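Asker: Sequence unavailable; structure follows:
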């Protein structure tokens, strides 16, 4: 009886303190580059009935996401922007919470999560060949599944294809070579337009669906001519039979064309009616137009002029733009000095683990885990994780600080200690502890292939997708999509909850 009372009491407490939120909508901008990279922005609107609401679990990434921590923010109803703290809780799964230990008790909030991925390497973009359409690139991808129902989900796909129009018809999109699977035409509303960027317009596809249920998918599968992409980096897949034609005897072709001609006339008449209705309704469902100007996220509002972030020497070097080799070398040197590791060979790199318990800092622990104790080598992915952790932690530490003042402060400290110098106005790190200038081939290889967000998403490609920084919506759009649906979820979710679903509001 006593145990029953305890369980009953725990249940009552869990209901009293449970947060109550609803997922209003999710919108995704997907910008594709010719070489297979992708720039992605999720906009996720929550309505908090009862807090405190801190954040949620996001994604089940199959390939590495490169987060842009500066433009990933939460937007409150009063216009305030709060930086996000993004933490990997397990491989491919991230905890997205408000920075500064903030929370929301009531009202609407839009979380903006901006990151890059290599779709070509991940296999979301692949090369295929059709007997009728020739070389194609197939996009086979879907936004993350959510454990909540939502009012709508919208996907905007921006292709590296220049066009000269702001709005396109279905026929004009088809002339550009766009092919979609049958299920997309049956389940989604789709519209075609030219997204303006730096005086040019790029072919874009809007995909819209209302009232998605909990755990419901919204897959995308479409094809474009391979000439729009650099397919050398893509994998190869077989084309589905649904977009190819089988050889048919001449008589059957003749009969078939006759039947199709009749059907075409009937369908065209019906389609014309639907198309007129569609374009009449388009302004209500499409908030992209030739006059639409996407706002850029500015987090400088929070920054306190003159405030210096508290960073250690490794974090400061990373913030100042020190090379990946220098940053990893400095971590290794500090670990040697502490007696955590011992460097036994530079070329090839061999490291002996002495006492991992002496590693006290987050990046030191991550570096130690990157060392194979048997082979005494380093895991490349482990070194990447070290750098990603540094980027995340520094972003969190500097969110309300004066970045220029912080850089100037630590630049001066490095120079005064003789560990760096100014060369033609540039900060040049020369090393500390007597041997930081050593060259380690494994570190240099990671430096050549590891892209931080800026090097990953910005290159010599003429096509760039800064318009996906869109962070807020017009009052008209918000009014159109305001929702009264609410859901009650407890603050804690069981550990056995499905690992491939986003959600878990807390």
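Answerer: Alright, I've got the coordinates. Everything quoted here is computed from the prediction, not taken from an experiment. Numbers count the residues shown, from 1 in each chain.
Asker: For the nearest residue to residue 102 once chain neighbours are set aside, give me its contacts.
Answerer: Setting aside the residues directly before and after it, residue 102 is nearest to residue 82 in space (Cβ to Cβ, 6 or more residues apart in numbering), at 5.5 Å. C-beta coordinates here come from the backbone N, C-alpha and C atoms, glycine included. For residue 82, the contact set (Cβ atoms under 8 Å, 6 or more residues apart in numbering) comprises 73, 74, 76, 98, 99, 100, 102, 302.
Asker: what pairs with residue 82 across the strands?
Answerer: Taking DSSP bridges as the rule, residue 82 bridges to residue 74.
Asker: Equivalent analysis for the one 4 residues further on, please.
Answerer: On the basis of DSSP bridges, residue 86 takes part in beta bridges with residue 96.
Asker: residues near the residue lying closest to residue 227 once chain neighbours are set aside, how many?
Answerer: Ranked by Cβ to Cβ, 6+ apart and with sequence neighbours excluded, the top spatial neighbour of residue 227 is residue 135, at 7.4 Å. Residues lying near residue 135 (other Cβ atoms under 10 Å) number 13.
Asker: So residue 135, which state does it fall into?
Answerer: strand (DSSP: H, G, I helix; E, B strand; the rest coil).
Asker: tell me the contacts of it?
Answerer: Per Cβ under 8 Å, 6+ apart, neighbours of residue 135: 127, 128, 129, 225, 226, 227, 231.
Asker: May I have the predicted confidence score for it?
Answerer: The model reports residue 135 with a pLDDT of 90.
Asker: Over to residue 155?
Answerer: pLDDT, read off for residue 155, is 95.
Asker: Correct me if wrong: it contacts residue 31.
Answerer: No: applying Cβ atoms under 8 Å as the test, residue 155 and residue 31 come out as separate, 11.7 Å apart.
Asker: Distance of the spatially most central residue of the chain relative to residue 127?
Answerer: Centroid-nearest residue in the chain: residue 115, 3.1 Å away (criterion: Cα atoms, centre = their mean). With distances taken as Cβ to Cβ, to the nearest Å, residue 115 is found 25 Å from residue 127.
Asker: All the helices of the stretch 201-350 of the chain, in order from the start?
Answerer: Ranges of helices within the stretch 201-350 of the chain are 250-285, 313-319, 324-338, based on DSSP state H, counting those that start in this stretch.
Asker: which one of those helices has the lowest average pLDDT?
Answerer: Of all the helices of the stretch 201-350 of the chain, helix 250-285 carries the lowest average pLDDT, namely a mean of 51.
Asker: Can you get me the start-to-end distance on stretch 186-202?
Answerer: 25 Å (Cα to Cα, to the nearest Å).
Asker: Now that stretch: buried residues?
Answerer: Neighbour counts using 16 or more other Cβ atoms under 10 Å place 188, 189, 190, 191, 192, 193, 194, 195, 196, 197, 201, 202 of stretch 186-202 among the buried residues.
Asker: Turn those residues into CSV, columns for distance to residue 314.
Answerer: Formatted as CSV, the buried residues of stretch 186-202 follow (distance: Cβ to Cβ, whole Å):
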residue, distance to residue 314
188, 48
189, 50
190, 49
191, 49
192, 49
193, 46
194, 46
195, 40
196, 42
197, 37
201, 44
202, 40
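Asker: So which of these is the closest to residue 417?
Answerer: Nearest to residue 417 among those: residue 197, at 44.4 Å, using Cβ to Cβ.
Asker: Okay then, goodbye and thanks.
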